[in-house]
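# Here is a sequence with its predicted model. Questions after.
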Amino acid sequence: AKHGSGDTTVVFSPDLEAQLSEQGKLERQLIEALDRRELKVAFQPVVDACSGDICGVEALARWNSQAGPISPEVFIPVAERAGLIGMLGSQILEEAIAQGSRWSELQIAVNVSPLQLRNRYFAGGLKATLDEFAFEPHRLTIELTEGVLISNTDQAKRSISELKALGIKVALDDFGSGFASIGSLRQFSFDRVKLDKSLVANIEHDAQAAEVLAATINLVNAIGIPVTVEGIENRYQAEFARQAGCHQLQGYWFSKPLSKEELAKRFLSP
Ligand code: C2E
Ligand code: CA
Ligand code: CA
Ligand code: CA
């Protein structure tokens, strides 16, 4: 098939056509899953780097489709393209906040797509959910990727200001994986920076990678923003990140993401 407009011509290969119909199928399944509220939330512990105690959890969307589990790396982009991210995002936020209201000692972090922030009712809607569950705003952290810095629409900026004015914390996720600059950290006054797991991978075998991680931790500390390192998979990485001045750690070394029941059983006193 050929679609031309002006001098730009896009040729769909059979491969691409197959991919597109696969997308369509996934999209329809996702609509149904959202309709039936079938998406779940897994919670991964975040620990204090010094004490090793759990201080919070990150909520991660899970979809167990009829055909088996589908990764959020797959279905989040589908939801974004299909205009479903608003609905998906509010289901996840509601579930995370409802659960978090029963874990009064923990900080709850939720991933939010830059597209959700373009909705001017985002902050107001979130406030209503917090009120409904009597959840203190400062116990909620919204994690944003640098997509929000790039898209950088006025409405996204306004939403971030509104969240901060409500007392909700805002973190920059995946720092060090792309283009986010020191300047942007200051401009948006993030409450926390999470370093991308690619900065940690392999530091035990690669002295230069280890130096880059330590330097990045120092840099964010120099701006005065607390740092979380994620993707910690072994004792060496945990100890290295702690000694480099990182405040919080997250990764399979401490725990993989867990169901709410497992999390309570393993990490919270009854
Ligand atoms: P992320 O926000 O960077 O989340 C961390 C990802 O790393 C999670 O993958 C987590 O399971 C994984 N992880 C945790 N510890 C380790 C480790 O030690 N080693 C390695 N290799 N990986 C680790 P997951 O759950 O598959 O999520 C992938 C991405 O999907 C997330 O990356 C986030 O960008 C997105 N996502 C997940 N849930 C949501 C959501 O509710 N809303 C939005 N907008 N995005 C979400
Ligand atoms: Ca995240
Ligand atoms: Ca991340
Ligand atoms: Ca990520």
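On my side now, so go ahead. Numbering: from 1, shown residues only. Ligands and ions are numbered 1, 2, ... in the order given.

# Check the chain and tell me which residue is nearest its centre.
With distances taken as C-alpha atoms, centre = their mean, N111 lies nearest the centre of the chain, 3.3 Å away.

# I'd say that residue and E143 touch.
Yes. If you go by C-beta atoms under 8 Å, N111 and E143 touch, sitting 4.8 Å apart. Placement of C-beta: from N, CA and C, glycine included.

# what do these two both touch?
Common contact partners of N111 and E143 (C-beta atoms under 8 Å, 6 or more residues apart in numbering): E58, D173.

# how about V110, what does it touch?
Residues near V110 by C-beta under 8 Å, 6+ apart: E58, A59, I92, L93, A96, I97, L140, T141, I142, E143.

# Surely A214 touches C246?
No. Here A214 does not reach C246: they are 9.3 Å apart, not a contact under C-beta under 8 Å.

# quick one: which of the two has more around it?
A direct count of neighbours by other C-beta atoms under 10 Å for A214 and C246 places C246 higher, at 25 against 18.

# isn't there a strand covering that one?
No. Counting by DSSP: H, G, I helix; E, B strand; the rest coil, C246 is not found in a strand; it is coil.

# Might you report the residue contacts of it?
Applying C-beta under 8 Å, 6+ apart, the residues near C246 are A49, L195, I217, V227, T228, V229.

# now, which of those residues lie within helices?
Taking DSSP state H, the ones among the contacts of C246 that sit in helices are I217.

# Spatially, which two of the contacts of C246 are the most separated?
Greatest spatial distance among these (C-beta to C-beta): A49 and L195, at 12.3 Å.

# how about the helices in the stretch 101-250 of the chain?
Along the stretch 101-250 of the chain, the segments classed as helices by DSSP state H, counting those that start in this stretch run 114-117, 122-132, 147-151, 154-165, 182-187, 207-223, 235-243.

# would you turn those into a markdown table with mean pLDDT and distance to ligand 2?
Output for the helices of the stretch 101-250 of the chain, formatted as a markdown table (pLDDT from 0 to 100; distance: least, C-beta to the ion, whole Å):
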| stretch | mean pLDDT | distance to ligand 2 |
| --- | --- | --- |
| helix 114-117 | 94 | 13 |
| helix 122-132 | 98 | 17 |
| helix 147-151 | 76 | 12 |
| helix 154-165 | 93 | 16 |
| helix 182-187 | 83 | 16 |
| helix 207-223 | 96 | 16 |
| helix 235-243 | 98 | 17 |
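
# List just the one of those that sits closest to ligand 1.
When the helices of the stretch 101-250 of the chain are compared by C-beta to the nearest ligand atom, helix 114-117 sits nearest ligand 1, at 7.3 Å.

# Give me the contact list for that closest one.
Counting by C-beta under 8 Å, 6+ apart, 80, 85-86, 89, 122, 144-145, 147-148, 151, 155-156, 159-160 sit against helix 114-117.

# one more time with 10 Å, if that's ok
Helix 114-117 has contacts (C-beta atoms under 10 Å, 6 or more residues apart in numbering) with 79-81, 83, 85-86, 88-90, 93, 122-123, 125-126, 142, 144-153, 155-160, 162-163.

# Could you do stretch 259-270 as well?
Contacts of stretch 259-270 with the rest of the structure, by C-beta under 10 Å, 6+ apart, involve 40-45, 47, 53-54, 57, 59, 62, 95-96, 98-100, 102-103, 105-106, 254-258.

# quick one: the residue nearest to the centre of the chain and V193, what's the gap?
According to C-beta to C-beta, to the nearest Å, N111 stands 15 Å off from V193.

# How about F175?
According to C-beta to C-beta, F175 and V193 sit 5 Å apart.
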